[in-house]
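**Student:** A structural model of the following input is requested.
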Amino acid sequence: MELKEKIKNFNLSEHEGIDKDDKNGKISKAFKPIAETILSGYFKVSKNNSDSYVTVHPTCVEMYYHEEGEGEDKIKDYIVYHRDSNDGKRMPVFPIGVLHNHVSGIDITFEKVVDDLPVRFSALIREFWIDKSNKKEEQTEKYGEENIKVYTESNPEKRSTYLYEALYSQYSVFDGFSVQWVDGNENDRKKIRCVNTRLNVAEYEMKNNNDGKNPKPEKIKKDGIAKELLTKNKNYKQCQRMWRYSINED
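**Tutor:** Predicted structure coming up:
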């Protein structure tokens, strides 16, 4: 099934035994087929009116899922950038498949409205590699090319923010180009070899203001937390949701 159709038909509430903090791993298991579909497909960046194109292949994705509204059963993922603000300011709902650029990289967004409230669902491309074998652009400058590192499926680019360049810097805007998602076929199906916690994603807790009203989410700081439970940067308690999926062993 295509990624778009899987997302349109996805409803987490249909899965039994869901724990909002995912301590039992049921949400992680529900997300896995979507992650597998992403890791089996690729972005095709094409120059307009040309058969020249580049493909960008995700090798690791992180899932983000936040339900707007109040209620103890709501799944909250406060690290999500595109969500209603703590003071109640509403954010619009992205159409399915919008590329959301932010300080951590680029998300493919899968937002939808469920029971009149937005569900903020997205996948951050954490790692990727680029295939330029079909790029027919003439290179007028070779400066520094011998020092460019070649990334492959087993040796991907691990800096997620470099996806900006991979998608948007292949062709000139004066010539025009397009970025399109392409689903892999059965022969392209990738096996997920590693499921882990998301990189440097802190766990949150609700804290009251000085007046005791209007609590807001705050990251749990490292004080008193065992080292093995801290984020990679050692600043906060690591969120334990296993929502990172890779085709390579970490």
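**Student:** which stretches of this structure have low pLDDT?
**Tutor:** 1, 137-148, 210-213 (pLDDT under 70).
**Student:** what residue is smack in the middle of it?
**Tutor:** The residue lying closest to the centre of the chain (Cα atoms, centre = their mean) is residue 124, at 1.4 Å.
**Student:** show me the contacts for it.
**Tutor:** 61, 62, 64, 104, 105, 106, 107, 160 (Cβ atoms under 8 Å, 6 or more residues apart in numbering). From N, CA and C alone the C-beta is placed, and that goes for glycine too.
**Student:** can you do 7 Å?
**Tutor:** Counting by Cβ atoms under 7 Å, 6 or more residues apart in numbering, residue 124 makes contact with 61, 62, 64, 104, 105, 107, 160.
**Student:** how near is the second one to residue 233?
**Tutor:** Separation of residue 62 from residue 233 (Cβ to Cβ, to the nearest Å): 16 Å.
**Student:** comparing those two, which residue is more hemmed in?
**Tutor:** The residue with more neighbours, out of residue 62 and residue 233, is residue 62; 27 against 11, by other Cβ atoms under 10 Å.
**Student:** now do the helix or strand that contains the more buried one: which elements does it pack against?
**Tutor:** Assigned by DSSP states H and E, residue 62 belongs to strand 53-67. Counting contacts by 3 or more Cβ pairs under 7 Å, 6 or more residues apart in numbering; DSSP states H and E, strand 53-67 packs against helix 26-40, strand 42-47, strand 117-131, strand 244-246.
**Student:** which one among the contacts of residue 124 gets closest to residue 186?
**Tutor:** The closest of those to residue 186 turns out to be residue 61 (Cβ to Cβ; 19.9 Å).
**Student:** who does the closest one bridge with?
**Tutor:** residue 125, residue 245 (DSSP bridges).
**Student:** which non-adjacent residue is nearest residue 221?
**Tutor:** Closest residue in space to residue 221, ignoring its immediate chain neighbours: residue 236 at 6.0 Å, by Cβ to Cβ, 6 or more residues apart in numbering.
**Student:** next, count neighbours for that neighbour.
**Tutor:** Neighbours of residue 236 under the rule other Cβ under 10 Å: 20.
**Student:** including distance to residue 9, could the helices and strands packed on strand 53-67 go into CSV?
**Tutor:** Shown next, in CSV, are these (distance: least, Cβ to Cβ, whole Å):
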stretch, distance to residue 9
helix 26-40, 11
strand 42-47, 22
strand 117-131, 13
strand 244-246, 19
